[in-house]
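Student: got a predicted model here, sequence first, then my questions.
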Amino acid sequence: MLPRLAYVVRKTRETADTFTLEAAGTDGVAEFRFEPGQFHMIGLPGVGEVPISISGNPGAPRLLIHTLREVGAVTRALTNLKTNDEFTVRGPFGSAWPTREAEGKDVVLVAGGIGLAPLRPVIYYIMAHRHLFGRFVLLYGTRTPEDILFRKELSQWRASFDMDLSIAVDRSSGSWRGNVGVVTKLVPRAPFEPANSVGMVCGPEVMMTYAVEELLQRGIPESSLFVSMERNMKCGIGLCGHCQLGSEITCKTGPVYRYDKISRLMGVWEL
């Protein structure tokens, strides 16, 4: 319940409506330790709080990083912050991506739009411990080339040859010469061994549904697939009920779920 204060170190505009805040603790020594997939409640006094997945490096906890889309009053207020401005932080909360359980296996990440941000800590973790994993595949889809996040890092990761990276856009524009179409069309030709793979999927719910279907068709077991269900979280501690998903309280038992534990709820219309 008790928030901590952080101050803005740097703000980076990612796309027309998305930005990344890099921050540090106001005491100068605070660390913000977290597991990939967890989230913080961040906000401004008198404005409100929003749940935002952490998009930073779990190996560098002194720097607190969140990537936000401007979709409401709180995120609009946060985008107006300048260097050294302060905001509040609570957490981290929630379940994590199964990075340690995936050791010794191929790892397949499928991200849609801003869904790349909650998966970015997984990328940092695997790249820092690359020898512990088999093939590493990232399939990323956006609406247009202008909506691609973390362009510089994506180029660096692709150039390192430690990752098989494929990007698709729904609509081509400008000088784009890459894949055009939904990201799920990249799954059939992705290089991984299904029987020894772990899949992690984050993005719009309809995209996750079809991505999981494609991964299942490739042969990855349901018990080796994980999805992030960031649904209307408001308090972070399971009191308000906004994020209830059937019998699940997403901010307490999620947002990361093993697919075979949540599939029956994902299939219920307007739940």
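Tutor: Perfect, I can see it now. Numbers count the residues shown, from 1 in each chain.
Student: sheet partners, orientation included, of the helix or strand of the chain with the lowest mean pLDDT?
Tutor: When each helix and strand of the chain is scored by mean pLDDT, DSSP states H and E, strand 244-245 comes last, with a mean of 82. Using DSSP bridges, the strands paired with strand 244-245 are strand 248-249 (antiparallel).
Student: next structured bit after the partner strand?
Tutor: helix 250-253 (DSSP states H and E).
Student: pLDDT on the helix or strand following that following helix, on average?
Tutor: On the C-terminal side of helix 250-253, the closest following helix or strand by DSSP H and E is strand 256-258. Mean pLDDT, strand 256-258: 95.
Student: now do stretch 78-97
Tutor: 95.
Student: swap in stretch 145-155?
Tutor: Rounded mean pLDDT across stretch 145-155 is 95.
Student: in the helix or strand where residue 206 lies, which residues are buried?
Tutor: Residue 206 is part of helix 205-218, with elements assigned from DSSP H and E. The neighbour-count check on helix 205-218 (16 or more other Cβ atoms under 10 Å) flags 207-208, 210-212, 214-216, 218 as buried. To be clear about C-beta, it is placed using only N, CA and C from the backbone, and glycine gets the same treatment.
Student: so which other helices or strands are in contact with that helix?
Tutor: Counting contacts by 3 or more Cβ pairs under 8 Å, 6 or more residues apart in numbering; DSSP states H and E, helix 205-218 packs against strand 106-112, strand 197-202, strand 225-228, helix 259-266.
Student: the same query, at a cut-off of 10 Å, please.
Tutor: Of the remaining helices and strands, those touching helix 205-218 by 3 or more Cβ pairs under 10 Å, 6 or more residues apart in numbering; DSSP states H and E are strand 106-112, strand 136-142, strand 197-202, strand 225-228, helix 259-266.
Student: so it versus strand 106-112, what angle?
Tutor: Computed by axes from the mean of the first three to the mean of the last three Cα atoms, to 10 degrees, the angle separating helix 205-218 from strand 106-112 equals 150 degrees.
Student: how far off centre is helix 205-218?
Tutor: Mean C-alpha position of helix 205-218 versus that of the full chain (Cα atoms, centre = their mean, to the nearest Å) differs by 17 Å.
Student: can you put the buried residues of helix 205-218 in JSON lines and add distance to residue 123?
Tutor: Formatted as JSON lines, the buried residues of helix 205-218 follow (distance: Cβ to Cβ, whole Å):
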{"residue": "207", "distance to residue 123": "19"}
{"residue": "208", "distance to residue 123": "18"}
{"residue": "210", "distance to residue 123": "22"}
{"residue": "211", "distance to residue 123": "17"}
{"residue": "212", "distance to residue 123": "20"}
{"residue": "214", "distance to residue 123": "21"}
{"residue": "215", "distance to residue 123": "18"}
{"residue": "216", "distance to residue 123": "23"}
{"residue": "218", "distance to residue 123": "21"}
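Student: could you point out the longest strand of this protein?
Tutor: Secondary structure of the chain per DSSP state E: the longest strand is strand 4-15.
Student: only alpha carbons, please: show that strand as PDB.
Tutor: Only the C-alpha atoms of strand 4-15 are listed here, as PDB (Å, rounded to 0.1, in the frame of the first residue of the first chain):
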ATOM      1  CA  ARG A   4       7.900   5.000  -2.800                       C
ATOM      2  CA  LEU A   5       9.200   8.100  -4.600                       C
ATOM      3  CA  ALA A   6      11.200   7.900  -7.800                       C
ATOM      4  CA  TYR A   7      12.500  10.700 -10.100                       C
ATOM      5  CA  VAL A   8      12.800  10.800 -13.900                       C
ATOM      6  CA  VAL A   9      16.300  10.200 -15.200                       C
ATOM      7  CA  ARG A  10      15.300  10.100 -18.900                       C
ATOM      8  CA  LYS A  11      12.200  10.000 -21.000                       C
ATOM      9  CA  THR A  12      12.300   8.500 -24.500                       C
ATOM     10  CA  ARG A  13       9.600   8.900 -27.100                       C
ATOM     11  CA  GLU A  14       9.100   5.400 -28.700                       C
ATOM     12  CA  THR A  15       6.200   6.100 -31.000                       C
END
